[in-house]
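Participant: Take this sequence and fold it.
(chains A and B)
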Amino acid sequence: MNVKDIAEKCGFRIAAGEDALSRSVEGIYCCDLLSFAMGRAPENFAWITVMGNMNSVAVASLADVACIVLCDRVQPDEDMLKKAEQQDIAILLSDQPAFDTGLKMYEAIH
Amino acid sequence: MTLNYTVPGDDFTRAGEASGDLKRKMKKLGFPSDVIRKVSIALYEGEINMVIHAYGGEITAEISSSEIDLTLADTGPGIPDIEKAMQDGFSTATEQVRNLGFGAGMGLPNMKKYSDEFHIESEVGVGTTVRMKIYNHS
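Facilitator: Numbering: from 1, shown residues only, chains lettered A, B, ... in the order given. Here you go, the predicted model:
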């Protein structure tokens, strides 16, 4: 399932990264500490976090995750959106907390 | 091929420029993705450390077909107890840095974990130099 399908199925808003919506999502990873996420988020997984700043985009790009899902109504700041467009990283927005967001995505994928 | 980068101090908006650029160049050169990932993570952690703790610094990346040799040198405050700094979870980062998602005490341990050779030298009041080698297995 690709990023766009997940966004539609789960009702997430797409905030950035139109060009990256066709990326395939192979799993779900959830963490807010950037060093943890960078070292442990598997490639091509969707990464759920509340860190809505540009450093998350750098981590997403380096770890090569499929997309960032900002949960719990967190809004990305302007710098984050700009960097996401530059680096082709899709950002999805979820109103629900991390666990519920991940569960919803899991149900959509499986 | 040798690449040089300057990391500006105290500017989080530019941390990741060196690792991002090196990642793109390695992709173009056809390195395997797991080697690129190791280099990217090790170097990004180093960049963040330079921004947080050392008022910036200089990075040299030497790329050959067999290995990537990274040298990160700063003239920051130095590390009084390297053994302690290398422990998982030990951090001297500020509250502001932690709020950005950093400062979990994973930086140096990650750099060691993702490099095949890791060497650190530091002198208080003089600065810190980290050398990391990542082998290209292909």
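
Participant: need the contact list for B:Lys23.
Facilitator: A:61-62, B:36, B:39-40 (C-beta atoms under 8 Å, 6 or more residues apart in numbering or on different chains). Every residue, glycine included, has its C-beta placed from N, CA and C.

Participant: Can you classify it by secondary structure?
Facilitator: Taken by DSSP: H, G, I helix; E, B strand; the rest coil, the conformation at B:Lys23 corresponds to helix.

Participant: what about it, distance to B:Phe31?
Facilitator: Here B:Lys23 is placed at a distance of 9 Å from B:Phe31 (C-beta to C-beta, to the nearest Å).

Participant: Likewise for B:Thr60?
Facilitator: Counting by C-beta to C-beta - B:Thr60 and B:Phe31 are separated by 18 Å.

Participant: Neighbour count for these two, which is higher?
Facilitator: The residue with more neighbours, out of B:Thr60 and B:Phe31, is B:Phe31; 20 against 14, by other C-beta atoms under 10 Å in any protein chain shown.

Participant: Give me the nearest residue to that one, chain neighbours excluded.
Facilitator: B:Asn136 (6.2 Å; C-beta to C-beta, 6 or more residues apart in numbering or on different chains).

Participant: Compute the number of surrounding residues for the one you found.
Facilitator: Residues near B:Asn136, counting by other C-beta under 10 Å, number 18.

Participant: measure it to chain A for me?
Facilitator: As judged by C-beta to the nearest C-beta, to the nearest Å, B:Asn136 and chain A stand 18 Å apart.

Participant: And B:Lys28, by the same measure?
Facilitator: From B:Lys28 to chain A the distance is 15 Å (C-beta to the nearest C-beta).

Participant: B:Glu121 now?
Facilitator: B:Glu121 is 22 Å from chain A, by C-beta to the nearest C-beta.

Participant: ok, that residue touching B:Thr128?
Facilitator: Yes: using C-beta atoms under 8 Å, B:Glu121 is in contact with B:Thr128, at 7.1 Å.

Participant: got the residues of chain A near chain B?
Facilitator: A:32-36, A:38-39, A:43, A:49, A:51, A:53-56, A:58-59, A:61-64, A:79, A:87 (C-beta under 8 Å from any C-beta of the partner chain).

Participant: Buried ones from those, can you make that a PyMOL selection?
Facilitator: The buried residues among the residues of chain A next to chain B can be selected in PyMOL (16 or more other C-beta atoms under 10 Å in any protein chain shown) with this line:
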select buried, chain A and resi 33+34+35+36+38+39+49+51+53+54+55+56+58+59+61+62+63+64+87
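
Participant: Next step: the residues of chain A next to chain B restricted to strands.
Facilitator: The strands, defined by DSSP state E, take in A:Thr49 from these.

Participant: Now the most centrally placed residue in chain A. Its backbone dihedrals?
Facilitator: Note on chain A: the residue nearest the mean C-alpha position is A:Ile68, at 1.4 Å, using C-alpha atoms, centre = their mean. The phi/psi pair for A:Ile68 (degrees, to the nearest 10) reads phi -110, psi 130.
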